[in-house]
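In: Following is a predicted model, sequence given first.
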Amino acid sequence: MDINVVFKIAAIGVLLAVINALLSRAGRDDIASLTTLAGLVVVLFMVIDLVAGLFQKLREIFTLY
């Protein structure tokens, strides 16, 4: 696993926290919740891709096709 993936996930988290705070102060709590949910979905897709790569490597290592 590359350390860049961890930094990307952290950057998305910080960016979402700032956007959420700005939108909440502006009174747009519904949009703030939607942006947080969208960020969570993006991060989950990144993690799912990493887990899929892990399982692929395990299949290659143990020759389980």
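Out: Great, that's in hand.

In: Show the contacting residues for the residue most central in space within the chain.
Out: When CA atoms, centre = their mean is applied to the chain, the residue found nearest the centroid is V43 (1.1 Å). Applying CB atoms under 8 Å, 6 or more residues apart in numbering to V43 gives the contacts I9, I12, G13. C-beta: built from backbone N, CA, C; applies to glycine.

In: Now do the same for it: helix, strand or coil?
Out: Under the three-state scheme (DSSP: H, G, I helix; E, B strand; the rest coil), V43 adopts helix.

In: Distance of it relative to T35?
Out: 13 Å (CB to CB, to the nearest Å).

In: ditto for R28
Out: Counting by CB to CB, the gap from R28 to T35 is 9 Å.

In: again, but for D2
Out: 26 Å.

In: Between these two, which is the more surrounded one?
Out: T35 (17 against 8; other CB atoms under 10 Å).

In: now the more buried one, what's its secondary structure?
Out: helix.

In: Same check on G27?
Out: Once three-state DSSP is applied, G27 turns out coil.

In: From M46, how far off is it?
Out: 31 Å.

In: More neighbours: the two, which one.
Out: More neighbours surround M46 than the other of G27 and M46, with 14 against 9 (other CB under 10 Å).

In: Now do that one against A11, distance only.
Out: 12 Å.

In: try V42
Out: 11 Å.

In: neighbour count winner among these two?
Out: Higher neighbour count among V42 and A11: V42, with 14 against 10, using other CB under 10 Å.

In: Might you report the residue contacts of the more buried one?
Out: I12.

In: Look up how far S33 lies from V5.
Out: Distance from V5 to S33, by CB to CB: 26 Å.

In: swap in A11?
Out: Distance from A11 to S33, by CB to CB: 21 Å.

In: before we move on, what about I9?
Out: To S33, I9 is 20 Å away according to CB to CB.

In: How about L15?
Out: L15 is 16 Å from S33, by CB to CB.

In: same deal with V6?
Out: 26 Å.

In: In terms of packing, which of these two has more residues around it?
Out: S33 (13 against 10).
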